[in-house]
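Student: Fold the following and give me the result.
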Amino acid sequence: MDKMEVITCTAPVNLAVIKYWGKRDEELILPVNSSLSATLSQEELCVTTSVAISSKFSTDRIWLNGRENFIKDYPRLQNVLKIVREEYKKTGKTELMNSKVHICSVNNFPTAAGLASSAAGFACLAFALTKLFKIECDVSVIARQGSGSACRSIYGGFVAWEKGEKSDGTDSIAVQVAPENHWTEMHILVLVVSEEKKETSSTSGMRRSVETSELLKLRAEHVVPQRMYEMKQAILNKDFEKFADLTMKDSNQFHAICLDTFPPIIPPYMNSISHSIIQLISKYNELCGTKVAYSFDAGPSAVLFLREKDVPECLSLIKTFFPPTQEQGESFLRGLYVNLSPDSDTFHGIKEKIALPLTPGGIKYIIHTQVGDGPRIVKNQECCLLNAEGLPKKSSDN
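Tutor: You can find the predicted model right below:
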């Protein structure tokens, strides 16, 4: 096809409350255990991807966050393109068989800092490609083969990635547990501790854990199946205390596996600030009942789940013990607006009883968001990242 066709899509970040860690098949990206996540609102955290296709393009090309990358350096990206083209071939159509694609993708959150950037990116890419090629298939299966947890970003709300049993991976799919409007009271605070790239990638860390951790084997076979059942029930019943209990225990166990890995994952994904956040939340819950659940993925940044009514008090406590520096100023709190005005005797009493040392600047910034929907097609052509020649609108390659 001589005429260029283009589509622009957005996709959300998902954050696991029952963790995925370890593959039973590296090539097909099949997990050793099922997992479950919350999809975050795209108003605060999302990936935007434009994909163009034309027979005039000489080769497949990709630009990530303003810089061109070589597709040959990304075997999983090549695999996703290969699968999409194979699915297109099954339709019997031939128009697009010899066409190449140009991909331009940007995200509005730190890359490789433990905030699931690759998951959102591959979910967006898989969704956009299936729409552009007009193929009907389970998009989560394609997204999974780019980045495992990407399959969970194909749906909004709360999403399970069922590990499956088949060797070909056809039953290792994402399934929506509850839609985004199910538990509107649930809010999320993302506490960005570091934007630096983690020293041990998730892929290499998982591989070592699968090879050496006895705790991972115990978790996959005996712990996660029961936790998955209980977490689904907690979400469907909007049982926050049970949800919080499972979320924190699973986060703790994931990081225990990192230490049980041999040699251990050093430096660990969490740092001293991460541990101080756990101390703060633990003391807060002890004093006031379970109000907040913490969770940490493969990075030092914390994700806090809490009910909307508790956001002002929790945020005020965080600002008290991790005060922003003068340079951080108004950029410290981002996302959904919240009125920070707890000046009651109760709040001061809680603050005095927690009595932790202050860590100015320990948290870079906080994103306040909520549960959101799955991938979207962007109809406004002005939002397209590619120009009429299929090159980035804002790039030196233009």
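
Student: quick one: buried residues of the lengthiest helix in the chain?
Tutor: The helix of greatest length in the chain, counted in residues with DSSP state H as the criterion, is given as helix 240-260. By 16 or more other Cβ atoms under 10 Å, the buried positions in helix 240-260 come out as 240, 242-248, 250-251, 253-255, 257-258, 260. Any C-beta I mention is one placed from the backbone N, CA and C, and that applies to glycine too.

Student: Which other helices and strands does that helix contact?
Tutor: Packing contacts for helix 240-260, counted by 3 or more Cβ pairs under 8 Å, 6 or more residues apart in numbering; DSSP states H and E, involve strand 14-18, helix 202-212, helix 214-218, helix 224-236, strand 292-296, strand 302-307.

Student: Please produce TSV containing those, extended by distance to residue 102.
Tutor: Rendered in TSV, the data for the helices and strands packed on helix 240-260 read as follows (distance: least, Cβ to Cβ, whole Å):
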stretch	distance to residue 102
strand 14-18	27
helix 202-212	26
helix 214-218	40
helix 224-236	39
strand 292-296	36
strand 302-307	34
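
Student: of all these, which lies closest to residue 132?
Tutor: Taking Cβ to Cβ as the measure, the helices and strands packed on helix 240-260 were each checked against residue 132, and strand 14-18 came out nearest at 22.8 Å.

Student: so what secondary structure elements neighbour the closest one?
Tutor: strand 35-39, helix 224-236, helix 240-260, strand 292-296.

Student: Tell me the strands beside the first one, with direction?
Tutor: Meaning strand 35-39. Its sheet considered, strand 35-39 pairs with strand 14-18 (antiparallel), strand 158-161 (antiparallel) by DSSP bridges.

Student: wait, which of these is closest to residue 134?
Tutor: Evaluated with Cβ to Cβ, these place strand 158-161 nearest to residue 134, the distance being 24.7 Å.

Student: For that closest one, give the mean pLDDT please.
Tutor: For strand 158-161, the per-residue pLDDT values average out at 98.

Student: now what about the following helix or strand past that strand, what contacts it?
Tutor: Helices and strands here follow DSSP states H and E; after strand 158-161, the next one along the chain is strand 174-178. Contact partners of strand 174-178, identified using Cβ atoms under 8 Å, 6 or more residues apart in numbering, comprise 36, 140, 143-144, 151-152, 154-162, 232, 235-236.

Student: cool, and stretch 241-258?
Tutor: Taking Cβ under 8 Å, 6+ apart as the rule, stretch 241-258 contacts 17-19, 21, 205, 209, 213, 215-216, 219, 223, 227, 230-231, 233-235, 264-265, 268-270, 285, 289-290, 292-297, 305.

Student: Likewise for stretch 71-81?
Tutor: Stretch 71-81 is touched from outside by 29, 59-62, 101, 122, 125-126, 129, 142-143, 145-147, with contacts defined as Cβ under 8 Å, 6+ apart.

Student: Identify the farthest-apart pair in these.
Tutor: Pairwise distances across those (Cβ to Cβ) peak at 25.4 Å, for the pair 29 and 59.

Student: Looking at the two now, which is surrounded by more residues?
Tutor: Set side by side, residue 29 and residue 59 show unequal neighbour counts under other Cβ atoms under 10 Å, the larger going to residue 29 at 22 against 9.

Student: Torsion angles phi and psi at the nearest residue to that one once chain neighbours are set aside?
Tutor: The shortest distance from residue 29 to any non-neighbouring residue, by Cβ to Cβ, 6 or more residues apart in numbering, is to residue 148 (4.8 Å). Backbone torsions for residue 148, taken as degrees, to the nearest 10, come to phi -50, psi -60.

Student: my read: residue 148 touches residue 21, true?
Tutor: No: using Cβ atoms under 8 Å as the test, residue 148 is too far from residue 21 to be in contact (9.7 Å).

Student: Run through the stretch 51-200 of the chain and note the low-pLDDT ranges.
Tutor: Within the stretch 51-200 of the chain, the stretches falling below the threshold (pLDDT under 70) are 110-116, 195, 198.

Student: ok, residue 288 touching residue 347?
Tutor: No: between residue 288 and residue 347 there is no contact under Cβ under 8 Å: 10.4 Å.

Student: The residue of the chain most remote from its centre and residue 201, how far apart?
Tutor: Distance from the C-alpha centroid of the chain peaks at residue 345, with 38.0 Å (Cα atoms, centre = their mean). Counting by Cβ to Cβ, to the nearest Å, the gap from residue 345 to residue 201 is 48 Å.

Student: Mind splitting this protein into its structural domains?
Tutor: Under the assignment automatic domain parsing, the domains of the chain span 5-180+375-383, 186-370.

Student: Next, the distance between the ends of the last one.
Tutor: Think domain 186-370. From its first residue to its last, domain 186-370 covers 6 Å (Cα to Cα, to the nearest Å).
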